[in-house]
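J.: Take a look and give me a structure for this.
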Amino acid sequence: MSKITGCYRNASTGCGVDANMKIEIWSDVACPWCYIGKRRLETALAQFPHRDSVDIQWKSYQLDPSVPEHYDGTELDYLSKRKGMAPEQVKQMFAHVTETAKGEGLDYHFDKVVVANSFTAHRLIHLAGTHDKQDVAKEKLLSDHFEHGKDIGSREYLTELGAALELPASEVQELFTTDKFTEEVNLDINEARAIGVTGVPFFVIDRKYGISGAQPAELFSQALNQAWQEANPLIPVGASDAEACGPDGCAV
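T.: Presented below is the predicted three-dimensional model:
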């Protein structure tokens, strides 16, 4: 867990933490560790007593912007040919990630993964955010990509997803006929570079603490509690010399 310089500014409080705790998450739909990290954060949040005061914002990131809209080949082909990884090394990586995902209740099938460019999917997440459905859109995209072999770059799939999320059909179609939300996606990616993000998932709590990678839920819990205590310190009330008990006994 590292410190992030700068601060989060809002209209009411200026430079400082918001009334709620804010967690920004840079993540790519095509990143298997991002889904695992999402689950681990959710595990920590389920145990966090101030969960209702936590706002989560998903930020766009692309591990490989050069991926074509449709890639003719498997995930194994893509990583071994385009990334120069030995096929056996890729298979071992798949096995390790699949087993780790299983521990978080996720059922990965790398043999079914459709390699596709995630840029339009990120634009859909931004659209969903304007209708308070950003997290459910992110969840569905990750699950469909890694567990169900859906083509996240397909216009047909993204249109169906928009309908399932009950997003206005006309706004979903704008993703394919205009550059709507393109600027927002690029701003997220540029902001990641500016704060030093070199890999995802990357979590930023109240623009103060940065957590890199799919860390264990225990570390997320530690960070959440520490950030909350720093943002909401106890304020002593009354005289400090009032009668009380301590390790050496009670005041007489």
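
J.: so when I look at residue 56, I'm seeing a strand, right?
T.: Yes. Counting by DSSP: H, G, I helix; E, B strand; the rest coil, one finds residue 56 located in a strand.

J.: was I right about it contacting residue 21?
T.: No. Between residue 56 and residue 21 there is no contact under CB atoms under 8 Å: 9.5 Å. (C-beta placed from N, C-alpha, C; glycine too.)

J.: quick one: which of the two has more around it?
T.: residue 21 (20 against 17; other CB atoms under 10 Å).

J.: Any stretches of the chain with poor pLDDT?
T.: By pLDDT under 70, the weakly predicted segments of the chain are 1-19, 236-242, 244, 246-252.

J.: Would you map the helices across it?
T.: All helices of the chain, identified by DSSP state H, fall at 32-46, 75-77, 87-102, 119-129, 134-146, 155-164, 169-177, 182-194, 217-231.

J.: list the buried ones in the second one?
T.: Along helix 75-77, the positions that meet the burial threshold by neighbour count (16 or more other CB atoms under 10 Å) are 75-76.

J.: gap between the two ends of stretch 124-138?
T.: End-to-end distance for stretch 124-138, by CA to CA, to the nearest Å: 9 Å.

J.: Next: stretch 93-113.
T.: OK, stretch 93-113 end separation, CA to CA: 14 Å.

J.: same check, this time on stretch 98-109
T.: 8 Å.

J.: Stretch 159-168 too?
T.: End-to-end for stretch 159-168, by CA to CA: 10 Å.

J.: chain center to it: distance?
T.: Its chain's C-alpha centre and that of stretch 159-168 lie 21 Å apart, by CA atoms, centre = their mean, to the nearest Å.

J.: Give me the contacts around that stretch.
T.: Stretch 159-168 has contacts (CB atoms under 8 Å, 6 or more residues apart in numbering) with 124, 127-128, 131, 133, 136-137, 140-141, 144, 169, 171-173.

J.: now the residues you listed in a markdown table, with distance to residue 37 and neighbour count?
T.: Shown next, in a markdown table, are these (distance: CB to CB, whole Å; neighbours: other CB atoms under 10 Å):
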| residue | distance to residue 37 | neighbour count |
| --- | --- | --- |
| 124 | 20 | 27 |
| 127 | 23 | 24 |
| 128 | 19 | 24 |
| 131 | 24 | 13 |
| 133 | 20 | 17 |
| 136 | 17 | 12 |
| 137 | 17 | 24 |
| 140 | 17 | 19 |
| 141 | 15 | 24 |
| 144 | 18 | 19 |
| 169 | 32 | 11 |
| 171 | 29 | 16 |
| 172 | 27 | 20 |
| 173 | 32 | 14 |
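
J.: wait, which of the residues you listed is closest to residue 151?
T.: Distance to residue 151 across the contacts of stretch 159-168 (CB to CB) is lowest for residue 144, with 8.9 Å.

J.: quick one: contacts for the closest residue to that closest one other than its chain neighbours?
T.: Excluding its sequence neighbours, the residue lying closest to residue 144 (CB to CB, 6 or more residues apart in numbering) is residue 150, at 3.7 Å. Residue 150 is in contact with 114, 144, 157, counting by CB under 8 Å, 6+ apart.
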